[in-house]
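Q: Here is the input, now give the coordinates:
(2 chains)
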Number of protein chains: 2
Amino acid sequence: MKLDQSGLEILDRDECRALLSRAAIGRIVFTHQALPAVQPVNFILSRGDIVFRTSGTSRLATAAADTIVAFEIDDFDTAARTGWSVVVVGRARRATDPREIAALAALPLESWAPGTRDTFIRIHPELITGRRIGDGALAS
Amino acid sequence: MKLDQSGLEILDRDECRALLSRAAIGRIVFTHQALPAVQPVNFILSRGDIVFRTSGTSRLATAAADTIVAFEIDDFDTAARTGWSVVVVGRARRATDPREIAALAALPLESWAPGTRDTFIRIHPELITGRRIGDGALAS
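A: Here you go, the predicted model:
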């Protein structure tokens, strides 16, 4: 087990990818009007990219298109004080090619939020880091 | 029930504060080496401020001292597709006054992470926003 300087277990890239493939909700971190912003989204992992839907007029569609963002997933057990988190950093891009949009629309990805969500944002991970705290039982 | 333009229920400030007072884990959003960064921390609400511990040499202690950050808590039920999130934006400040540090050290706030965590960061909320999706059962 490899530890970081804070004493947390370092998750390797394969472990991080496995956790990403099983998670349903993540938090996208971006800048909005020069302030730090964060918003939960339901997502799917497709060919290694994080994909989520939004409406074309949303803050996310505007602020998170063609820019570097962070994306975080985690799961913690408050009583046991255990858990893990995975953070991805990469470029977010709005899908514009009709064939790409058709392919993304065929994914099993339905937005939880009401209304039309016909804009797809994908994040291609450049950096993936993960940490586990406690006994790691949550990661299994 | 007030809805935003995405059709999500808007939580009022009192509801957001109540959720903050009950949560144990939140995610601090900041900038590190010109990139968006996000890290989960266990925290406590003290006199309306978000307070957490870190080590004096951590990335957080350096990057999140005296700067505007976002702080997010949420809880989602993947099966029911319900949940809520609260986002705070405000200035993060490292406690330096010995009396303030003594007062913060007396709070029931123990870091989950191993090692010495004798640096206290507090975030004074300037903006608090919250949203709920689905039937809202999780917020009770």
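Q: Which residues of chain A lie near chain B?
A: Within chain A, the positions lying close to chain B (Cβ under 8 Å from any Cβ of the partner chain) are A:5-8, A:24-25, A:27, A:29-31, A:35-40, A:42, A:55, A:57-58, A:68-70, A:72, A:74, A:76, A:78, A:81, A:83, A:85, A:87, A:89, A:112-115, A:133-134. All C-beta spots, glycine's among them, are computed from the backbone N, C-alpha and C.
Q: Any of those buried? List them.
A: For these, a neighbour count by 16 or more other Cβ atoms under 10 Å in any protein chain shown gives the buried set as A:6, A:8, A:25, A:27, A:29-31, A:36-40, A:42, A:55, A:58, A:68-70, A:72, A:74, A:76, A:81, A:83, A:85, A:87, A:89, A:112-113, A:133-134.
Q: now for the worst-scoring helix or strand of chain A on mean pLDDT, which elements pack on it?
A: Across the helices and strands of chain A, mean pLDDT, DSSP states H and E gives its lowest value to helix A:59-63, namely a mean of 87. Counting contacts by 3 or more Cβ pairs under 8 Å, 6 or more residues apart in numbering or on different chains; DSSP states H and E, helix A:59-63 packs against strand A:25-32, strand A:35-42, strand A:119-133.
Q: how about these in TSV, adding mean pLDDT and distance to A:Ala103?
A: Rendered in TSV, the data for the helices and strands packed on helix A:59-63 read as follows (pLDDT from 0 to 100; distance: least, Cβ to Cβ, whole Å):
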stretch	mean pLDDT	distance to A:Ala103
strand A:25-32	95	21
strand A:35-42	94	19
strand A:119-133	96	9
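Q: Which of those sits closest to B:Asp49?
A: Closest approach to B:Asp49 among these (Cβ to Cβ): strand A:35-42, 17.4 Å.
Q: Now do the closest one: distance to the chain's middle.
A: 10 Å (Cα atoms, centre = their mean, to the nearest Å).
Q: Over to stretch A:92-111?
A: Worked out by Cα atoms, centre = their mean, stretch A:92-111 lies 16 Å from the chain centre.
Q: can you pull the alpha-carbon coordinates of it into PDB?
A: The C-alpha trace of stretch A:92-111 is given here as PDB (Å, rounded to 0.1, in the frame of the first residue of the first chain):
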ATOM      1  CA  ALA A  92     -14.300  19.600 -21.000                       C
ATOM      2  CA  ARG A  93     -15.700  19.700 -24.400                       C
ATOM      3  CA  ARG A  94     -19.200  20.200 -25.700                       C
ATOM      4  CA  ALA A  95     -20.100  17.600 -28.400                       C
ATOM      5  CA  THR A  96     -21.000  19.300 -31.600                       C
ATOM      6  CA  ASP A  97     -20.600  16.700 -34.300                       C
ATOM      7  CA  PRO A  98     -23.900  15.100 -35.200                       C
ATOM      8  CA  ARG A  99     -22.500  11.600 -35.300                       C
ATOM      9  CA  GLU A 100     -20.800  12.100 -32.000                       C
ATOM     10  CA  ILE A 101     -24.100  13.400 -30.500                       C
ATOM     11  CA  ALA A 102     -26.000  10.400 -31.900                       C
ATOM     12  CA  ALA A 103     -23.500   8.000 -30.400                       C
ATOM     13  CA  LEU A 104     -23.700   9.800 -27.000                       C
ATOM     14  CA  ALA A 105     -27.500   9.900 -27.100                       C
ATOM     15  CA  ALA A 106     -27.500   6.100 -27.400                       C
ATOM     16  CA  LEU A 107     -25.600   5.700 -24.100                       C
ATOM     17  CA  PRO A 108     -27.600   4.600 -21.100                       C
ATOM     18  CA  LEU A 109     -27.400   8.100 -19.700                       C
ATOM     19  CA  GLU A 110     -30.600   9.800 -18.700                       C
ATOM     20  CA  SER A 111     -30.400  13.100 -16.900                       C
END
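Q: What residues sit buried inside it?
A: In stretch A:92-111, counting by 16+ other Cβ under 10 Å, buried: A:Ala92, A:Arg93, A:Arg94, A:Ala95, A:Leu104, A:Leu109, A:Ser111.
Q: Out of the residues you listed, give me the two with the largest separation.
A: Within those, A:Arg93 and A:Ser111 form the most distant pair, 18.1 Å apart (Cβ to Cβ).
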